[in-house]
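Engineer: I would like the atomic coordinates for the input below:
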Amino acid sequence: MFHHFIKLTTEDEINIYRKVYAESTVYFSDELIKAKERQSLLKSYETSELSKEQQITQKIVLFDLGNQIEQGELFPFHSYPINQIGGLHLNLIEFMTDIHPIRNTSEAEYYIDRLNLFDEVFKATLEILQEQRNNNIFPPEFVFHHVIRQLNEFLNFSYEENPLFTVFVRKIEELNISNEIKNDLREKVKIALEQSVNPGFKNLLLFMEGTLPEANKHDGVWSLPNGDDFYSLRLKVYTTTDFSAADIHTIGLKEVERISTRMRNILDELGYDKEGIVGDLMNQMNEDPQFLRGLDDRAFFRNTYFTAVDAQAGHGATSCFAAERPLRMYSSNSSRNLLIKLCTGIAAASESTHIVVPSIPEATLSSRARSSGPPSPSSIRARIFSNQPVPSRQGEHCPQDS
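Structural biologist: Purely as a prediction, here's the structure:
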């Protein structure tokens, strides 16, 4: 909702937004009503009168709306609006620093107006979190620990460390305005940080610390109330099928076996140890100096690519992999990660453990307003946003370990 702000020019407009945020649980009900209205409208169209493309579109949208309605009716609070990779406390900062434009004095004032709404936004989110608490829905314990750490880091920032301040200062320095105006704007941002932003973060921190003893001791959504049914719905949403978890697990195992067999054949053709485990061999290749190339060695990658294409066109797919040994570059870093996941079975869904699905607020998804300057992930900001463990089927997973 926050990213739909275009400008705040009067106290009346600010009060309207405060009212919306203060009624966040009502907002969920309104969204459910709207989804049902859209569903009814789409169903009113006679399918036979629609073009083939329109029929496909109708079917897709009805599928999405049906899932949205089912979740809204049965699982309105089965999500994690505060989590360590996409929570409100992170998305608001990203929106303000990366998306919010400051191309003139008016937009600088709008920036400050929005900072002054942070406490209201956090209050609305706390209302949702309290409703989740009433329904005995809590994120896994490891999510609590990471979020609490992130909140403490932010609250301990000095002005010179706080991205909401430093990015603002950098952007207004590029404006053709007097130093007096710049100083006034800087002081207003400091006041907003002290009177609205930090109190909002502090209230969220108090809630997270206060409910930590109630954190979910399990990582999977199966442990939530009616968790198995919710998991089945999420499987339907993500796979667009009615397959059960066991069905998808079986398909995953078969795919792992198929891909591993194909990789085994390729490795055999290249003369690698026939007794070695595919995953181990891929690890060895990734560490082999002959396959480690610098990012600047573009000619090597370009020539190798065209060699592979020519080999495949002239001799078939097999010779593409059996040609010169440099073709094994395909096992370097990124593809190595993918292949190891497939070989070790991590990619196969488990029927006994379930996906933790965090709610990713929409604040960073809009391209309605873009910053006039490039994003500025300072080392401090990078500490907050990067390399955070994320929920997965097995529990906690770090991107840098991929």
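
Engineer: lowest-pLDDT helix or strand in the protein?
Structural biologist: The least trusted helix or strand in the chain, going by mean pLDDT, DSSP states H and E, turns out to be helix 333-344, with a mean of 28.

Engineer: Where does pLDDT dip in the chain?
Structural biologist: The chain contains residues with pLDDT under 70 at 1-27, 293-298, 313-402.

Engineer: pull the longest helix from this protein.
Structural biologist: Among the segments of the chain that qualify as a helix by DSSP state H, the longest is helix 245-269.

Engineer: Against which helices or strands is that helix packed?
Structural biologist: In terms of contacts (3 or more C-beta pairs under 8 Å, 6 or more residues apart in numbering; DSSP states H and E), helix 245-269 is packed against helix 227-239, helix 278-287, helix 317-322, helix 333-344. In short, each C-beta sits where N, CA and C put it, glycine included.

Engineer: now the second one against helix 245-269, angle please.
Structural biologist: When you say that, I think you mean helix 278-287. 60 degrees (axes from the mean of the first three to the mean of the last three C-alpha atoms, to 10 degrees).

Engineer: Show me what helix 278-287 packs onto, helices and strands only.
Structural biologist: helix 245-269, helix 333-344.

Engineer: Enumerate the positions of whichever helix or strand comes after it that are buried.
Structural biologist: Where DSSP states H and E defines the elements, the next helix or strand beyond helix 278-287 is helix 298-315. Using 16 or more other C-beta atoms under 10 Å as the test for burial, helix 298-315 gives 304, 308, 311.

Engineer: cool, and stretch 59-66?
Structural biologist: Buried residues in stretch 59-66, counted by 16+ other C-beta under 10 Å: residue 65.

Engineer: and what of stretch 216-225?
Structural biologist: 216, 218-222, 224.

Engineer: mind giving me TSV with the residues you listed and columns for distance to residue 278 and secondary structure?
Structural biologist: Shown next, in TSV, are these (distance: C-beta to C-beta, whole Å; DSSP: H, G, I helix; E, B strand; the rest coil):
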residue	distance to residue 278	secondary structure
216	36	strand
218	32	coil
219	28	coil
220	28	coil
221	32	helix
222	31	helix
224	36	coil
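
Engineer: For those residues, could you give me JSON lines that also reports distance to residue 97?
Structural biologist: Converted to JSON lines, the buried residues of stretch 216-225 look like this (distance: C-beta to C-beta, whole Å):
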{"residue": "216", "distance to residue 97": "31"}
{"residue": "218", "distance to residue 97": "35"}
{"residue": "219", "distance to residue 97": "31"}
{"residue": "220", "distance to residue 97": "34"}
{"residue": "221", "distance to residue 97": "32"}
{"residue": "222", "distance to residue 97": "37"}
{"residue": "224", "distance to residue 97": "33"}
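
Engineer: what's the closest of the residues you listed to residue 32?
Structural biologist: residue 224 (19.5 Å; C-beta to C-beta).

Engineer: was I right about the closest one contacting residue 234?
Structural biologist: No. Counting by C-beta atoms under 8 Å, residue 224 sits too far from residue 234 to count as a contact (11.2 Å).

Engineer: Residue 160 reaches residue 166, doesn't it?
Structural biologist: Yes. Shown here, residue 160 and residue 166 form a contact pair, counting by C-beta under 8 Å, at 6.7 Å.

Engineer: These two - which one has more neighbours?
Structural biologist: A count of neighbours by other C-beta atoms under 10 Å puts residue 166 above the other of residue 160 and residue 166, at 18 against 9.

Engineer: how much space between the more buried one and residue 87?
Structural biologist: 21 Å (C-beta to C-beta, to the nearest Å).

Engineer: cool, and residue 194?
Structural biologist: With C-beta to C-beta as the criterion, residue 194 and residue 87 are 22 Å apart.

Engineer: Between the two, which has more neighbouring residues?
Structural biologist: Each of residue 194 and residue 87 has its neighbours counted (other C-beta under 10 Å); residue 87 has more, 24 against 11.

Engineer: Disregarding residues adjacent in the polypeptide, which is nearest to that one?
Structural biologist: Setting aside the residues directly before and after it, residue 87 is nearest to residue 147 in space (C-beta to C-beta, 6 or more residues apart in numbering), at 6.3 Å.

Engineer: Can you show me the helices along the stretch 1-150 of the chain?
Structural biologist: Counting by DSSP state H, counting those that start in this stretch, the stretch 1-150 of the chain has these helices, from start to end: 11-22, 24-43, 52-74, 88-94, 105-115, 118-134, 141-155.
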